[in-house]
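>>> Here is my input, please return the structure:
(chains A and B)
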Protein chains: 2
Amino acid sequence: MEISVIKIGGNVIDHPENASRFLQLFAKFPGKKILVHGGGVLASRIGKAMGIEPQMYRGRRITDRETLGLVTMVYAGLINKNLIAELHTYGQQAIGLTGADGNAIQSVKRPVTDVDYGYVGDVVQVNTQLLESLLQPSIAPVFSAITHDGKGQLLNTNADTIASEIATALARKHKVNLYYCFDKTGVLMDANNDASLIPLINEDIYKELLRDQIIHSGMIPKLENAFNALAKGVVHVWLGLPENLLLASKGKNAGTIIESQKYGLY
Amino acid sequence: MEISVIKIGGNVIDHPENASRFLQLFAKFPGKKILVHGGGVLASRIGKAMGIEPQMYRGRRITDRETLGLVTMVYAGLINKNLIAELHTYGQQAIGLTGADGNAIQSVKRPVTDVDYGYVGDVVQVNTQLLESLLQPSIAPVFSAITHDGKGQLLNTNADTIASEIATALARKHKVNLYYCFDKTGVLMDANNDASLIPLINEDIYKELLRDQIIHSGMIPKLENAFNALAKGVVHVWLGLPENLLLASKGKNAGTIIESQKYGLY
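Next up is the predicted model:
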């Protein structure tokens, strides 16, 4: 089958109106689809109310035991279940999952090197059979960024990575496209100018952009994830504003398309 | 098919060792099964850390907007996902659900009468088709006590009621038994003496127990739920200690069995 994996960032869903607008588009998005969501902004806010200060290292959250409890509550409980309830009102049946549910995504606790990220998981296996069985009667699986290690331990996992791991696992048998919705029109030549959109990136263009330091900091792991997904058989990766998601699904050029030059269609 | 619906109270799962002991039994419990769990004790504790004081009326939680957020986080996130991850280690595949997921349980906000319970739901519909499809490949659905109204609103819902509503909905097509695990050996003649167990209750015995005020306060809604389930086709309702659950599944008399005298087997 043809499957779209769509990731929505915490910045978008932190604003109820933005979340609603996105969910309406997601409901209209054609075909089989899987949603992966973040939630770091709300987790930090609720953590503060509980006296848990966010600890970050290079833009990634350090997850001690308390923080793991916090993100499990906020991602898998508060955010996920409200998204599911709202999707229902737009006619979209959905089921909220973590990696623990039906052993959907198994991960391994990240080894301690120079940094101890704590209870953070790196994905090792995606249960594609479970996803296929849910997608068949047109239920959209909606993942929060929590996985488990198969030994009873939940693990906080980067939502971008979850999206790309789900996409690549499904790409072994299916035609999969991957969509990253965030707060920019796409990958930009100038981060402060939404009009400086780069419409297409392939391996060669990526190397140039890296060399010229046009792509840096947080955008690098996003694009590494994207090229990793392409190398493993994902057809296209798209990055852009959530409101352009439907245009993107119709092949309209409203964001950045990342494709392998080996199989490029554009 | 033959289905067991098992409810476990918040008092039991609030202690990690007790929860673990119960989950091991649940994993060994034969046949198709559905778990429903509470979590009020932990919700109250985490609420206090966030400055949310529990408000109760006749043993039921009053759920304002803040409290709804709290119980959604704690029940559907923290407790549910940790139960699921631990069940996996005992060889039990499980999938954590609220009523919103796959529109599993739809409820209606309780009308305001002399008391305004707030965001509390009374169950109106159970999606038995979804449950049947999950039970077929031997995944145990694990419900936290959150439902939705189909209009985007999550609602806090009594876990005992959820268990009996699931059981009665499935009883229309299947042979269903309902098990309530709590912190007593069963229904007792004397609440302070675990040895005063009443092994069997039917309609006539229930009337006598009510008349003699042996059954009172919190036990009345539990038994009303039970008889309601029997009236709608559930085979047996069992009440007892979680550690006696396997004995109960083998028809051994370790707890209170509630049955209709019309169809009584005991």
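>>> burial measure for residue A:184, as a count.
16 (other C-beta atoms under 10 Å in any protein chain shown). From N, CA and C alone the C-beta is placed, and that goes for glycine too.
>>> what's the answer for the one 4 residues further on, then?
Residues lying near residue A:188 (other C-beta under 10 Å) number 18.
>>> Check residue A:230 too.
26.
>>> quick one: it and residue A:202, what's the gap?
9 Å (C-beta to C-beta, to the nearest Å).
>>> Need the residues touching each of the two.
Taking C-beta atoms under 8 Å, 6 or more residues apart in numbering or on different chains as the contact rule, residue A:230 and residue A:202 both touch A:258-260.
>>> Let's have those in JSON lines, adding distance to residue A:117.
Listed next are these as JSON lines, based on distance: C-beta to C-beta, whole Å:
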{"residue": "A:258", "distance to residue A:117": "27"}
{"residue": "A:259", "distance to residue A:117": "32"}
{"residue": "A:260", "distance to residue A:117": "30"}
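>>> quick one: which of those residues is most hemmed in?
In the shared contacts of residue A:230 and residue A:202, the most neighbours by other C-beta under 10 Å go to residue A:258, 28 neighbours.
>>> Is it in contact with residue A:226, as I believe?
Yes. At 4.6 Å, residue A:258 and residue A:226 qualify as touching, with contact defined as C-beta atoms under 8 Å.
>>> which neighbours do those two share?
Contacts common to residue A:258 and residue A:226, judged by C-beta under 8 Å, 6+ apart, are A:237, A:239.
>>> Tell me who's in contact with the closest residue in space to residue A:13 that isn't next to it in sequence.
In this structure, residue A:13 finds its nearest non-sequential neighbour in residue A:19, 4.4 Å apart by C-beta to C-beta, 6 or more residues apart in numbering or on different chains. Each residue near residue A:19 by C-beta under 8 Å, 6+ apart is listed here: A:12-13, A:83, A:86.
>>> Write out the residues of chain A neighbouring chain B.
Neighbours of chain B within chain A, by C-beta under 8 Å from any C-beta of the partner chain: A:46, A:49-51, A:69, A:72-78, A:80-82, A:84-86, A:88-89, A:93-98, A:100-103, A:133, A:137, A:139, A:146, A:148, A:150-154.
>>> Just the buried subset of the residues you listed, please.
A:46, A:69, A:72-78, A:80-82, A:84-86, A:88-89, A:93-98, A:100-103, A:133, A:139, A:146, A:148, A:150, A:152-154 (16 or more other C-beta atoms under 10 Å in any protein chain shown).
>>> and those, which of them are in strands?
A:94-97, A:146, A:148, A:154 (DSSP state E).
>>> could I get those residues as TSV with distance to residue B:32?
TSV is the format used below for those (distance: C-beta to C-beta, whole Å):
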residue	distance to residue B:32
A:94	24
A:95	19
A:96	22
A:97	21
A:146	27
A:148	23
A:154	26
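>>> What's the first helix or strand after the one helix or strand residue A:12 maps to?
Residue A:12 belongs to helix A:10-13 when assigned by DSSP states H and E. As assigned by DSSP H and E, the chain's next helix or strand after helix A:10-13 is helix A:16-28.
>>> Quick one: mean pLDDT over that next one.
Averaged over helix A:16-28, pLDDT sits at 94.
>>> one step back: could you dump the ones in strands among the buried ones among the residues of chain A next to chain B to a markdown table with pLDDT?
Listed next are those as a markdown table, based on pLDDT from 0 to 100:
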| residue | pLDDT |
| --- | --- |
| A:94 | 98 |
| A:95 | 98 |
| A:96 | 98 |
| A:97 | 98 |
| A:146 | 98 |
| A:148 | 98 |
| A:154 | 98 |
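>>> Send me stretch A:3-17 as CSV with only the CA atoms.
Only the C-alpha atoms of stretch A:3-17 are listed here, as CSV (Å, rounded to 0.1, in the frame of the first residue of the first chain):
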residue,chain,number,x,y,z
ILE,A,3,1.6,5.2,3.3
SER,A,4,2.3,8.7,4.4
VAL,A,5,4.2,9.2,7.7
ILE,A,6,3.6,12.8,9.0
LYS,A,7,5.5,14.3,11.8
ILE,A,8,4.3,17.4,13.6
GLY,A,9,6.5,19.4,16.0
GLY,A,10,5.8,20.5,19.5
ASN,A,11,5.9,24.2,18.6
VAL,A,12,2.9,23.7,16.3
ILE,A,13,0.7,21.6,18.6
ASP,A,14,1.4,23.7,21.6
HIS,A,15,-1.1,26.3,20.2
PRO,A,16,-4.6,24.9,20.3
GLU,A,17,-5.7,26.8,17.2
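>>> Show me where the stretch 151-266 of chain A has its helices.
Secondary structure of the stretch 151-266 of chain A (DSSP state H, counting those that start in this stretch): helices at A:159-171, A:203-211, A:219-231, A:245-249.
>>> do you know which of the ones you listed lies nearest residue A:118?
For these, proximity to residue A:118 was assessed by C-beta to C-beta; helix A:159-171 is nearest, at 16.3 Å.
>>> Contacts for that closest one next, please.
Counting by C-beta under 8 Å, 6+ apart, A:3, A:5-7, A:9-10, A:34, A:36-38, A:99, A:105, A:122-123, A:125-126, A:128, A:131, A:143, A:145, A:147, A:176-178, A:180, A:221-222, A:225-226, A:228-229, A:232-235, A:237 sit against helix A:159-171.
>>> tell me the angle of that helix relative to helix A:219-231?
Relative orientation of helix A:159-171 versus helix A:219-231 (axes from the mean of the first three to the mean of the last three C-alpha atoms, to 10 degrees): 10 degrees.
>>> Have a look at chain A and report the helix or strand with the lowest mean pLDDT.
The least trusted helix or strand in chain A, going by mean pLDDT, DSSP states H and E, turns out to be strand A:60-61, with a mean of 74.
>>> Sheet-wise, list the partners of that one with their directions.
Strand A:60-61 sits in its sheet next to strand A:56-57 (antiparallel), going by DSSP bridges.
>>> what about the partner strand, distance to the chain center?
With C-alpha atoms, centre = their mean, to the nearest Å as the basis, strand A:56-57 stands 19 Å off its chain's centre.
>>> Show residues contacting that strand.
Counting by C-beta under 8 Å, 6+ apart, A:62, A:115, A:117 sit against strand A:56-57.
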